[in-house]
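Colleague: Got a predicted model here, sequence first, then my questions.
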Amino acid sequence: MHDEGESSHAAAAPDPAPSSSGWLAEVGQFARAVKRLFGAQMQLLAAELGLARSAISWLLLAGLAATVAGVGLGLSLLGLLGVLLAAWFGSWIWALLALALLQVLFLLGSILLFRRCMHWMSLPATRSEWSAMMRETLRKAEAGDAAGPDSGQDTRGEDRS
């Protein structure tokens, strides 16, 4: 009979565990949702990186194919031009010399274009930015000299006298 009293007393008392376990269940559910969300984002990122890697490989292969085709076309056109020059001059030697002269002129033109492009990279906007940076550096150096005591030595520790 004693057991029946204890069991009825235990059944009548409210259990505080359901409210805390409900909160823990919600936190656990939230954690699983966050994990699922970030897991999906990581899978998407991995797929995109795989596509980018594949695209880079295909781009390099296409660039190589274009280079090979360009060189082949250039050689074919030079050969055709050589045959036409040989027919015009009536001599293969003069035709080959004319081709060599054309190639030298093309090479010099390419070198001049390259030099011009390198010059364009240093035009006024960059020069003005460079001079502004130099003026700012000089201003900071002069401000540093004016702030420090005059000990008879410059900033490198050498004697000024």
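Modeller: Perfect, I can see it now.
Colleague: Let me see the domain layout of the protein.
Modeller: Per automatic domain parsing, the domain ranges recorded for the chain read 18-90, 91-146.
Colleague: Turn those domains into TSV, columns for mean pLDDT and mean neighbour count.
Modeller: All C-beta atoms are positioned from the backbone trio N, CA, C, and that covers glycine. Converted to TSV, the domains of the chain look like this (pLDDT from 0 to 100; neighbours: other CB atoms under 10 Å):
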stretch	mean pLDDT	mean neighbour count
domain 18-90	87	11
domain 91-146	86	10
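Colleague: where does residue 73 land in three-state SS?
Modeller: Here residue 73 is recorded as helix under DSSP: H, G, I helix; E, B strand; the rest coil.
Colleague: who's in contact with it?
Modeller: Shown in contact with residue 73 (CB atoms under 8 Å, 6 or more residues apart in numbering): no residues.
Colleague: following the strand or helix carrying residue 28, which helix or strand shows up next?
Modeller: Mapping residue 28 onto the secondary structure by DSSP states H and E places it in helix 17-89. Downstream of helix 17-89, the first helix or strand assigned by DSSP H and E is helix 92-120.
Colleague: Tell me the helices and strands packed up against that following helix.
Modeller: In this structure, helix 92-120 packs against helix 17-89, with contacts taken as 3 or more CB pairs under 8 Å, 6 or more residues apart in numbering; DSSP states H and E.
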